[in-house]
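Asker: this one's sequence-less:
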């Protein structure tokens with residue numbers, strides 16, 4: 001439904017008659033996009049083997065970066081040949097074609113089906129895909145998850161035993177996306193103001209994104225190997241160290257590229273790591289709600305970064321000033337994750 005919604009909204013955007021209508025149609029396109037991502041994270045988490053759940057929940061976010069890169073290349077070709085409306089038409093047709101594939105191939109969560117009556121036939125069919133003949137019409141299905149957490153509302157995310165964990169996830173995602181979008185939006189301009197050429201500044205921005213793609217892939221492996229909270233705390237700590245080095249010293253160009261690559265790796269790994277952690281943290285009945293709200297709160301951080309970045313530039317903050325400020329919100333995220341880990345281990 002989300003994919004169909006943002007596909008149709010993109011087609012409507014192509015028919016916009018002025019800036020106000022285009023703005024409205026792009027806004028509702030964002031509603032569909034925002035609904036699709038947390039639900040995909042939830043489905044992958046539920047079908048992934050437990051020992052690989054984190055890495056599979058995070059590796060799918062590489063698709064976001066790859067799609068953005070390929071979309072940029074395709075958009076450039078379409079813009080030059082057919083104009084801006086062609087970009088939006090392509091952005092509408094491709095999701096609608098994908099929706100046909102999803103209708104045919106995308107399975108429903110088995111835990112969700114167990115918790116809702118009348119789905120035995122679908123469960124038998126799904127289980128027999130894993131182990132042929134393991135279930136038939138006489139099979140009965142049960143779940144060990146607590147029945148009390150059935151109400152899938154935002155309030156349920158803030159009720160014990162999820163209160164502290166929810167707040168910790170929201171805070172960490174807020175500062176993670178705040179930091180990523182602050183640097184993604186303003187890094188090339190800050191580096192240009194620091195004395196580098198425009199081409200070097202653009203390359204620096206690309207290096208940051210390359211580090212992000214690698215970080216998205218690796219954070220899940222780290223979470224499965226070292227522990228979920230530990231990997232996110234270490235990633236936040238790496239971001240703090242990288243930002244401090246850039247703020248306190250004036251490295252050579254080569255070392256600057258290396259540090260920005262590392263910063264892209266660590267900063268961009270925080271957010272998919274938190275999405276995977278949210279998928280682990282909440283039970284099936286509120287899992288999609290939990291991941292969705294965490295994603296939404298994180299996006300507030302991304303929105304906030306635009307205003308804060310412009311204020312920094314208007315106030316005359318230097319390249320070093322920005323990187324000396326960055327460890328403060330990241331430290332708050334690391335402390336939030338540490339508190340969540342301590343509370344979860346005690347309960």
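Answerer: Perfect, I can see it now. Predicted model only: the values in this text are computed from it and were never measured. Residues are numbered from 1 along each chain as shown.

Asker: Relative to residue 219, how far out is the residue nearest the centre of the chain?
Answerer: The residue lying closest to the centre of the chain (CA atoms, centre = their mean) is residue 272, at 4.8 Å. The gap separating residue 272 from residue 219 is 6 Å, by CB to CB, to the nearest Å. (C-beta placed from N, C-alpha, C; glycine too.)

Asker: Which positions within stretch 306-314 qualify as buried?
Answerer: 308, 309, 312 (16 or more other CB atoms under 10 Å).

Asker: Quick check: mean pLDDT of the one helix or strand the second one maps to?
Answerer: Just to be clear, that refers to residue 309. Assigned by DSSP states H and E, residue 309 belongs to helix 284-314. What helix 284-314 shows for mean pLDDT is 88.

Asker: Tell me the helices and strands packed up against that helix.
Answerer: Helix 284-314 sits against helix 19-47, helix 154-157, helix 163-193, helix 253-281, helix 319-325, with contacts defined as 3 or more CB pairs under 8 Å, 6 or more residues apart in numbering; DSSP states H and E.

Asker: Confirm for me that residue 204 is in contact with residue 190.
Answerer: No: with contact defined as CB atoms under 8 Å, residue 204 does not count as touching residue 190 (9.3 Å).

Asker: How is the chain divided into domains?
Answerer: As given by automatic domain parsing, the domain ranges for the chain are 2-106, 155-346.

Asker: what's around residue 316, how many residues?
Answerer: Residues near residue 316, counting by other CB atoms under 10 Å, number 8.

Asker: what secondary structure does it sit in?
Answerer: On the three-state scheme (DSSP: H, G, I helix; E, B strand; the rest coil), residue 316 is labelled coil.

Asker: quick one: least confident helix or strand in this structure?
Answerer: helix 62-82 (a mean of 76; mean pLDDT, DSSP states H and E).

Asker: and the angle for whatever helix or strand comes next after that one with helix 19-47?
Answerer: As assigned by DSSP H and E, the chain's next helix or strand after helix 62-82 is helix 84-105. For helix 84-105 against helix 19-47, the angle by axes from the mean of the first three to the mean of the last three CA atoms, to 10 degrees is 30 degrees.

Asker: The helix or strand just after helix 84-105 packs against which elements?
Answerer: With elements assigned by DSSP H and E, the helix or strand that comes after helix 84-105 is helix 110-114. In this structure, helix 110-114 makes packing contacts with helix 19-47, helix 120-130, judged by 3+ CB pairs under 8 Å, 6+ apart.

Asker: So what's the residue count around residue 273?
Answerer: Neighbour count for residue 273, taken as other CB under 10 Å: 32.

Asker: Where does pLDDT dip in the stretch 151-300 of the chain?
Answerer: Applying pLDDT under 70 to the stretch 151-300 of the chain flags the ranges 151-152, 192-194, 198, 202.

Asker: Backbone dihedrals for residue 283, please?
Answerer: phi -70, psi 170 (degrees, to the nearest 10).

Asker: cool, and residue 107?
Answerer: Torsion angles, degrees, to the nearest 10, at residue 107: phi -80, psi 150.
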